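Student: here is my input; please provide its structure:
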Amino acid sequence: MSDTDSDRKLPKKRSNKYPPAGITLEIMVRALVEEYGWADLGEKIYIRCFNENPSLQSSMIFLKKTEWARLTVEDLYYWRFGGRPADWVGPAPRPRDDGNFGDR
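Tutor: As a prediction, this is how the structure comes out:
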């Protein structure tokens, strides 16, 4: 496998301004757990730290070491709560129950 083949499978490199100032990975995980709960979050993003004895501490350790998992969590956060950076490439947020888009 050449470098160009492996590059196609890696997530897009993020700018230095990503994520926006003030939104830490811990804030993202807490918000997603509050929104979905550990069980539903584990179904949306299948990683062991969300499914087997889930805790914020074990999730943070794994996500800080594993770039693909961290980027997947960040993408779900921005998909659900908005506030995506300009270079983000993913689905638009779903409309809220009242038909509007964006934050809660």
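Student: tell me the first helix or strand C-terminal of the longest helix along the chain.
Tutor: For the chain, the helix with the greatest residue count under DSSP state H is helix 25-44. Stepping forward along the backbone from helix 25-44, the first helix or strand reached (DSSP states H and E) is helix 48-51.
Student: report all helices and strands that that next one contacts.
Tutor: Contact analysis of helix 48-51 by 3 or more Cβ pairs under 8 Å, 6 or more residues apart in numbering; DSSP states H and E lists helix 25-44, helix 56-65 as its packing neighbours. Yep, even glycine has a C-beta here, placed from its N, CA and C like the rest.
Student: okay, buried residues for the helix or strand following the shortest one please.
Tutor: Under the assignment DSSP H and E, the closest C-terminal helix or strand after helix 56-65 is helix 67-81. In terms of neighbour count (16 or more other Cβ atoms under 10 Å), helix 67-81 has its buried residues at 69-81.
Student: what about dumping the CA coordinates of helix 67-81 to PDB?
Tutor: These are the backbone C-alpha positions of helix 67-81, laid out as PDB (Å, rounded to 0.1, in the frame of the first residue of the first chain):
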ATOM      1  CA  GLU A  67      -7.200  10.300  16.600                       C
ATOM      2  CA  TRP A  68      -9.900   8.600  14.500                       C
ATOM      3  CA  ALA A  69     -12.100   8.100  17.600                       C
ATOM      4  CA  ARG A  70     -11.600  11.700  18.700                       C
ATOM      5  CA  LEU A  71     -12.500  13.000  15.300                       C
ATOM      6  CA  THR A  72     -15.600  10.900  15.200                       C
ATOM      7  CA  VAL A  73     -16.700  12.200  18.500                       C
ATOM      8  CA  GLU A  74     -16.000  15.800  17.400                       C
ATOM      9  CA  ASP A  75     -18.000  15.200  14.200                       C
ATOM     10  CA  LEU A  76     -21.000  13.800  16.100                       C
ATOM     11  CA  TYR A  77     -20.900  16.800  18.500                       C
ATOM     12  CA  TYR A  78     -20.800  19.300  15.600                       C
ATOM     13  CA  TRP A  79     -23.500  17.400  13.700                       C
ATOM     14  CA  ARG A  80     -25.800  17.500  16.700                       C
ATOM     15  CA  PHE A  81     -25.100  20.800  18.300                       C
END
